[in-house]
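show me how the following folds:
(one chain, ligands or ions: 2)
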Amino acid sequence: MELLMPTELLMISTEDDTTKASEGRFFQSFGTLMMEQKCNLGWYLVMIMTAAGAGSSYAIQSYLFARFITSFGFWGDYLRKSTNFLCLMLFVVAIGVGLCYFVLGWVSNMVSTETKSLYRKEYFRNIIAKPISFFDKEQNSAGTLTARLATDPTQLQQLLGMNMAMVFISIFNVIGCTVISVYFGWKFALVVIAASMPIILGSGYYRVRHEVKFESRNSEVFAESAKFATEAIRAIRTVAALTLEKTICSRYEALLNDHIRKSFTEARFSMILFAASDSLVLLCMAFALWYGGTLLSTFEYHPFNFFVIYYAILQGSMAAGQWLSFGPNIAQVTAAATRIHNMRAEAPHLHSRGSTRPTRPDTAGSSRYMIPLATIQKGADISFRDVWFTYPTRPNPVLKGLSFTIRHGQFAAFVGPSGSGKTTIISLLERFYEAQCGNILYNSDDIRFISLRRYREHMSLVAQEASLFRGTVRSNILLGVDERTVTDAMLHSACRDAGIHDFIASLPQGYETDVGTSGVALSGGQKQRLSIARALIRDPSVLLLDEATSSLDSETEREVQEVFERTASGRTMVVVAHRLATVQRADVIFVMQDGRIVERGDHQRLLAARGWYWQMCQAQAML
Ligand code: ADP
Ligand code: MG
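Ligands and ions are numbered 1, 2, ... in the order given. The predicted structure is shown next:
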């Protein structure tokens with residue numbers, strides 16, 4: 001099945017001429033959505049049966065109503081008995097309808113809540129498994145994705161819940177009313193239905209079409225403002241420090257105002273259609289009255305039949321009008337379903353990617369494109385061979401034909417001005433992105449052919465931004481390792497090496513202390529050390545440090561650096577550093593300049609060369 005790519009999805013909301021195409025996909029998405037409800041088939045049958053009960057009560061009502069009106073001709077006892085009987089019947093119908101509504105509401109609520117929760121879980125699973133490049137895209141910012149995660153599954157719930165129940169009821173309402181009116185006078189019934197249905201449904205269709213378009217635009221605008229709000233709240237410290245409160249509020253308001261202004265324009269048109277479709281029902285009823293009057297005046301119809309048919313058609317046409325009022329809702333939901341399906345369909349994670357390269361023999365039984373696990377050894381040589389890399393969101397290459405080799409157990413450092421591509425090298429080594437040209441080798445195997453999970457198990461990355469998750473200090477350090485294999489002694493020793501053990505011990509609950517959401521309670525340096533401990537406990541073959549110690553003071557930085565060097569035996573260490581003092585002891589230093597390595601060698605050799613490195617050392621007053 002063809003599904004929308006995200007860029008196309010955006011186009012739906014902005015370009016009118018794509019509406020036709022979007023409608024096609026709309027139904028596809030809706031179809032897929034319904035197919036996925038197969039497991040709830042039993043519950044839907046219960047819903048349909050109870051809806052049949054509730055919906056057909058309208059036909060019964062029209063029968064009882066006609067009986068009541070036509071008993072006016074008789075006064076006294078007969079009228080009393082007749083109305084008593086009709087009351088009793090209505091009482092029975094009321095109880096039956098009440099029961100049907102109760103079961104229907106209960107089942108639809110249960111099915112829709114469950115579905116919402118399933119979709120939300122799946123949505124999140126799909127988002128979280130996307131390659132890093134997915135998150136670089138403008139339309140996939142954290143704000144947009146969280147807004148969608150919140151709204152899209154809820155919209156599905158709204159459709160599958162009471163809305164679906166109401167559609168079922170009105171379908172049975174129309175069926176019941178049609179059957180009873182045809183039964184009591186096919187000529188009158190068919191003429192009125194034939195004259196009114198196309199008008200009612202046609203006008204409703206145009207209204208819904210319009211609202212469908214409006215809805216998909218609406219949700220994009222909403223996501224846009226939600227994104228802005230999330231970003232502003234996330235950066236609240238910057239906002240406060242720069243006293244941006246007013247500016248931020250007015251920008252948010254401008255986004256919303258723009259939205260409201262557009263809504264008003266759109267709503268005007270849909271209100272005209274709304275008014276028109278309701279007046280059309282009345283016009284049709286006027287026609288029915290006229291035609292019925294003619295049939296009555298020629299004694300072709302008994303007043304009882306006339307009343308049954310008239311009342312039934314009135315009820316039925318109002319219900320048919322209701323069908324279409326669910327249109328915008330269905331539109332909303334289908335836009336949501338389309339986004340959920342897109343999230344599924346879009347570029348899967350790297351490790352599920354196939355390859356056209358010749359495959360290697362696979363004795364470990366993993367994917368046939370993957371190198372068997374046994375060949376990945378601890379400690380590794382890393383080489384780049386003429387690697388060119390361009391970020392998918394940027395036009396120009398960031399790495400321009402990079403070649404270097406870092407031997408097993410070496411301590412390698414990348415230095416250079418910011419923006420020269422150091423972090424990009426680390427990202428490529430972590431396989432957050434894939435180089436467009438050239439090869440990256442891990443022990444002479446191209447990293448693209450190694451199972452991603454296994455590969456990453458051999459790596460530890462400490463980045464500049466330390467991120468903590470909700471939970472205890474212990475659980476934060478043990479992220480990504482099997483807790484059962486780690487003893488307290490190992491944990492404490494890793495923390496001692498990272499220079500954080502004493503601090504943790506001084507906390508009220510020691511290692512069991514909650515770090516608070518996003519670790520707000522810890523300083524930058526403390527968070528950094530926690531993530532260093534996290535890296536050490538994994539006992540990686542390759543340790544990647546991207547300005548990992550830059551938020552520590554120079555005294556602690558030196559201590560931590562020594563720890564890295566001490567524990568580095570047998571382990572390859574790739575360090576990106578701003579302060580050159582920390583890399584003096586590196587086996588090899590690569591000096592980066594605009595995506596290229598301009599110098600390489602150890603500290604002494606580079607100083608002797610009196611080039612870039614020498615200049616940088618001078619600038620940092622190291623000489
Ligand atoms: P360094 O770590 O040396 O400061 P980076 O590797 O972070 O430099 O960045 C190199 C270049 O790539 C910069 O021009 C930067 O703007 C760009 N860049 C970095 N990350 C991304 C990204 N996720 N998407 C697009 N461009 C990026
Ligand atoms: Mg960087």
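
ok, and the closest non-adjacent residue to the residue of the stretch 151-300 of the chain found nearest ligand 1?
Of all residues in the stretch 151-300 of the chain, the one sitting closest to ligand 1 is residue 231 (16.2 Å; Cβ to the nearest ligand atom). The way it works is simple: take the backbone N, C-alpha and C, and place the C-beta from them, glycine included. Once flanking residues are discounted, residue 231 sits nearest to residue 143: 5.5 Å by Cβ to Cβ, 6 or more residues apart in numbering.

equivalent analysis for residue 196, please.
residue 284 (3.4 Å).

so how far is residue 311 from the one you found?
Applying Cβ to Cβ, to the nearest Å, the value for residue 284 to residue 311 is 14 Å.

does the residue nearest to residue 231 really touch residue 227, like I thought?
Yes. Residue 143 lies in contact with residue 227 (Cβ atoms under 8 Å); the separation is 3.3 Å.

tell me the contacts of the residue of the stretch 151-300 of the chain closest to ligand 1?
Contacts for residue 231 (Cβ atoms under 8 Å, 6 or more residues apart in numbering) come out as 141-143.

Throw those residues into TSV and include distance to residue 510 and neighbour count, thanks.
Formatted as TSV, those follow (distance: Cβ to Cβ, whole Å; neighbours: other Cβ atoms under 10 Å):
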residue	distance to residue 510	neighbour count
141	38	17
142	33	12
143	36	20
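
which residues of this protein fall in strands?
Counting by DSSP state E, the chain has these strands, from start to end: 382-389, 399-406, 411-415, 437-442, 445-446, 459-462, 542-546, 572-576, 588-593, 596-601.

where does the stretch 401-550 of the chain come near ligand 1, residue by residue?
418-424 (Cβ under 6 Å from any ligand atom).

can you flag the buried ones in those residues?
Neighbour-count burial (16 or more other Cβ atoms under 10 Å) applied to those gives 420-424.

just name the closest of those to residue 295, please.
Closest approach between those and residue 295, by Cβ to Cβ: residue 424, at 82.9 Å.

touching, that closest one and residue 388? I think so.
No. At 11.3 Å, residue 424 does not count as touching residue 388 under the criterion of Cβ under 8 Å.

if we can go back for a sec, what is the nearest of the contacts of residue 231 to ligand 1?
Nearest to ligand 1 out of the contacts of residue 231 is residue 141 (Cβ to the nearest ligand atom; 12.2 Å).

does that closest one really touch residue 227, like I thought?
Yes. Checked against Cβ under 8 Å, the pair residue 141 and residue 227 is within contact range at 5.4 Å.

any residues in contact with both of these two?
In contact with both residue 141 and residue 227: no residue, using Cβ under 8 Å, 6+ apart.

distance of residue 86 from ligand 1?
Distance, residue 86 to ligand 1, using Cβ to the nearest ligand atom, to the nearest Å: 74 Å.

ramachandran coordinates for residue 435?
phi -70, psi 140 (degrees, to the nearest 10).

and it, how many neighbours?
21 (other Cβ atoms under 10 Å).

likewise the one 3 residues further on?
Applying other Cβ under 10 Å, we find 16 residues neighbouring residue 438.

how about whatever residue of the stretch 101-250 of the chain ends up closest to ligand 1, nearest residue that isn't a chain neighbour?
Closest to ligand 1 within the stretch 101-250 of the chain is residue 136: 4.5 Å, counting by Cβ to the nearest ligand atom. Residue nearest to residue 136 in three dimensions, not counting chain neighbours: residue 393, with 4.9 Å by Cβ to Cβ, 6+ apart.

pull the distance from stretch 569-586 to the chain's centre.
With Cα atoms, centre = their mean, to the nearest Å as the basis, stretch 569-586 stands 39 Å off its chain's centre.

buried residues in that stretch, which are they?
571-580, 582-584, 586.

now the residues you listed as JSON lines including distance to residue 320 and pLDDT?
What follows is the buried residues of stretch 569-586, written out as JSON lines (distance: Cβ to Cβ, whole Å; pLDDT from 0 to 100):
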{"residue": "571", "distance to residue 320": "73", "pLDDT": "87"}
{"residue": "572", "distance to residue 320": "72", "pLDDT": "91"}
{"residue": "573", "distance to residue 320": "73", "pLDDT": "91"}
{"residue": "574", "distance to residue 320": "69", "pLDDT": "93"}
{"residue": "575", "distance to residue 320": "72", "pLDDT": "92"}
{"residue": "576", "distance to residue 320": "67", "pLDDT": "93"}
{"residue": "577", "distance to residue 320": "72", "pLDDT": "87"}
{"residue": "578", "distance to residue 320": "71", "pLDDT": "83"}
{"residue": "579", "distance to residue 320": "75", "pLDDT": "84"}
{"residue": "580", "distance to residue 320": "78", "pLDDT": "87"}
{"residue": "582", "distance to residue 320": "76", "pLDDT": "84"}
{"residue": "583", "distance to residue 320": "77", "pLDDT": "88"}
{"residue": "584", "distance to residue 320": "82", "pLDDT": "88"}
{"residue": "586", "distance to residue 320": "78", "pLDDT": "91"}
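
could you point out which of those residues is nearest to ligand 1?
Using Cβ to the nearest ligand atom, residue 576 comes nearest to ligand 1 of the buried residues of stretch 569-586, at 6.4 Å.

quick one: pLDDT of the residue lying farthest from the centre of the chain?
The C-alpha centroid of the chain is most remote from residue 76, which lies 68.5 Å away (Cα atoms, centre = their mean). Residue 76 is assigned a pLDDT of 73 by the prediction.

any idea how far it lies from residue 67?
On the measure of Cβ to Cβ, residue 76 and residue 67 end up 17 Å apart.

repeat that for residue 84.
From residue 84 to residue 67 the distance is 12 Å (Cβ to Cβ).

and residue 421, by the same measure?
86 Å.

from residue 574, how far out is residue 459?
10 Å.

circling back: surely the residue nearest to residue 196 meets residue 202?
No. Counting by Cβ under 8 Å, residue 284 stays clear of residue 202, with 11.9 Å between them.

these two: which is more packed in?
residue 284 (20 against 13).

next one, pLDDT for the more buried one please.
85.

for it, list the residues it contacts.
192, 195-196, 199-200, 317.

thinking again about what came up before, count the residues that sit near the residue of the stretch 101-250 of the chain closest to ligand 1.
Neighbours around residue 136, by other Cβ under 10 Å: 15.

so what's it up against?
Applying Cβ under 8 Å, 6+ apart, the residues contacting residue 136 are 391-393.

what's the closest of the residues you listed to ligand 1?
residue 391 (3.4 Å).

got the phi and psi for the closest residue to the closest one other than its chain neighbours?
In space, and not counting its chain neighbours, residue 391 is closest to residue 398: 6.1 Å by Cβ to Cβ, 6+ apart. Phi and psi for residue 398, reported as degrees, to the nearest 10, are phi -100, psi -40.

which residues touch residue 398?
389-391, 421, 424, 595.

look at it and report its pLDDT.
95.

for ligand 1, see how far away it is.
4 Å.

cool, residue 614 as well?
From residue 614 to ligand 1 the distance is 20 Å (Cβ to the nearest ligand atom).

you'd agree that residue is up against residue 607?
Yes. Using Cβ under 8 Å, residue 614 is in contact with residue 607, at 5.5 Å.

show the pLDDT at residue 460.
89.
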